[in-house]
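Novice: predicted model, plus sequence, below.
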Amino acid sequence: MVYINSTLKFILNLAKMQTIVNRRFDAQLSSYGLGFNDFVILYYLSQAPHEKLRRIDLADKLGFTASGITRMLAPMEKTGLVSRESNERDARVSYVVLAPGGKRLLNESIKTAEYAALDIFPKSKTKKIEKLSEIFDETGLFL
């Protein structure tokens, strides 16, 4: 048996947790035609000034490459959840904008997402979750 330190064990568990989160949220949000990543994109856009972000900034927030975010956004653009906006000053820069349909769907699905989160981490664990969030905040890698 190989023994690992607690930090590595935590990271391995975090990777497994990400898989569990994606699977459960995908199942819960599918009734809205959303996957977990779609929901996260809509959420980040809703929090951004003027409900828009540069594509590269959105990719960074999600931990994706620029090409990866472009592939994810294509179907969302086709279904009217997000739209594309060019930068008048720099043709190389484009923005992703939360479309009215995306805003409506986010608002409709938010309660379902909150219930899915509580299914994974019950309300009784709120204090521990807040502590863990503080640790994530200190790394500078997360929300």
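Specialist: Now that the structure is in, tell me what you want to look at.
Novice: contact partners for the spatially most central residue of the chain?
Specialist: Nearest residue to the geometric centre of the chain (C-alpha atoms, centre = their mean): residue 40, 2.6 Å. Taking C-beta atoms under 8 Å, 6 or more residues apart in numbering, we find residue 40 in contact with residue 62. (Glycine included, C-beta is placed from N, CA and C.)
Novice: quick check on residue 126: phi, psi?
Specialist: Backbone torsions for residue 126, taken as degrees, to the nearest 10, come to phi -50, psi -50.
Novice: who are the neighbours in contact with it?
Specialist: Contact analysis of residue 126 by C-beta under 8 Å, 6+ apart lists nothing.
Novice: ok, now how distant is it from residue 39?
Specialist: Computed with C-beta to C-beta, to the nearest Å, the distance linking residue 126 and residue 39 is 21 Å.
Novice: and residue 118, how far from residue 38?
Specialist: 20 Å.
Novice: between the two, who's got more neighbours?
Specialist: Neighbour comparison, residue 118 and residue 38: the larger count goes to residue 38, with 25 against 13 (by other C-beta atoms under 10 Å).
Novice: residues contacting the more buried one?
Specialist: 29, 72, 76, 81.
Novice: name the SS class of the nearest residue to the last one once chain neighbours are set aside, please.
Specialist: Nearest in space to residue 81, with sequence neighbours left out and distances taken as C-beta to C-beta, 6 or more residues apart in numbering, is residue 102 at 3.6 Å. Secondary structure of residue 102, reduced to three states by DSSP: H, G, I helix; E, B strand; the rest coil: helix.
Novice: residue 102 is in contact with residue 73, isn't it?
Specialist: No. Between residue 102 and residue 73 there is no contact under C-beta atoms under 8 Å: 10.8 Å.
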